[in-house]
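*Asks:* Any chance you can model this:
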Amino acid sequence: AVPFVFVVNLCMPSGNSTSSGNGSAIAGSRSGSDNLSRSVSIDSANTASSESNIGGGGYPHLVAYYAIDDLSLIDGSNTTPEAALLHKFIFGEDDQFRHSTFKLLPRIAEGNAVVKRAVGSKPAIMGRKLKQTYVRSGRFMEVIIDVGSSSVATKIVKLSLSYAKTLVVDMAFVLEGKDGDVLPERIIGSVRLKNVDFKNTQRLVVV
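*Replies:* Now for the predicted structure:
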């Protein structure tokens, strides 16, 4: 069966990184993982999002693609609470629900101490602080997050971009579990970014 593709598109404000080199991305759906999806690819590009018209020329995007092979998780045939939550997030009509549910788990595994303190490791409901839009079809959903819509997030990202070549960054994406039936939360997808140069359009190496 053709998998359902789940995309996370982080549109970031321009930084002043002087780093070089291709870097790598380690996607968190390796063998034995309990993630709800497997990674397809991780891209970064200095381009505006055609779907959302976010940002402008020179704005870096980090785009992570995940494939959900078990379609019962999203088509309504699986009656488990976590599948019902994912189905509602993808196919429901309530953007406010999506805004209050999509969560990022960040971590700076290696890198500058100032960046580590600024980013922290506290889970964040992205749609509460940032502009978040969605593109959806029967086999595809993209969550587009405008990091530049928050002045605080803009400062943190610009700081991080200036040290990008020296950073190892872990990110995981989950849906907020608001009751015990969907706890512990399961990761939709995750990625490790290692020494990435956001100045160059690239498809990062998934290893």
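
*Asks:* what does stretch 123-131 contact?
*Replies:* Among residues not part of stretch 123-131, those counted as contacts by C-beta atoms under 8 Å, 6 or more residues apart in numbering are 54, 98-106, 132, 145-147, 149-150, 152-153, 174, 176. (C-beta placed from N, C-alpha, C; glycine too.)

*Asks:* tell me the mean pLDDT over that stretch?
*Replies:* Along stretch 123-131, the predicted confidence averages to a pLDDT of 95.

*Asks:* Would you work out how far apart the start and end of that stretch are?
*Replies:* Distance between the boundary residues of stretch 123-131 (C-alpha to C-alpha, to the nearest Å) amounts to 17 Å.

*Asks:* Give me the buried positions along it.
*Replies:* Residues 126-127, 130-131 are the ones in stretch 123-131 that count as buried (16 or more other C-beta atoms under 10 Å).

*Asks:* How about stretch 93-113?
*Replies:* Within stretch 93-113, the residues that qualify as buried are 98-99, 101-106, 108, 111, counting by 16+ other C-beta under 10 Å.

*Asks:* Strands - which of the buried residues of stretch 123-131 land there?
*Replies:* When the buried residues of stretch 123-131 are checked against strands using DSSP state E, the ones located there are residue 131.

*Asks:* Determine which two of the buried residues of stretch 123-131 are furthest apart.
*Replies:* Pairwise distances among the buried residues of stretch 123-131 were taken by C-beta to C-beta; the largest, 9.5 Å, belongs to 126 and 131.

*Asks:* per-residue confidence averaged over the helix or strand harbouring residue 66?
*Replies:* In this assignment (DSSP states H and E), residue 66 forms part of strand 60-68. Strand 60-68 shows a mean pLDDT of 85 in the predicted model.

*Asks:* Run the chain-centre distance for it.
*Replies:* Taking C-alpha atoms, centre = their mean, to the nearest Å, one finds the center of strand 60-68 at 7 Å from the center of the full chain.

*Asks:* what packs against it?
*Replies:* Here strand 60-68 touches strand 4-11, strand 38-46, strand 187-194, going by 3 or more C-beta pairs under 8 Å, 6 or more residues apart in numbering; DSSP states H and E.

*Asks:* Worst mean pLDDT among those?
*Replies:* Between the helices and strands packed on strand 60-68, the lowest average pLDDT goes to strand 38-46, which shows a mean of 55.

*Asks:* Return the helix or strand in this protein with minimum mean pLDDT.
*Replies:* The helix or strand of the chain with the lowest confidence, counting by mean pLDDT, DSSP states H and E, is strand 24-27 at a mean of 46.

*Asks:* My guess is residue 133 contacts residue 141. True?
*Replies:* No - counting by C-beta atoms under 8 Å, residue 141 is not a contact partner of residue 133; they are 11.5 Å apart.
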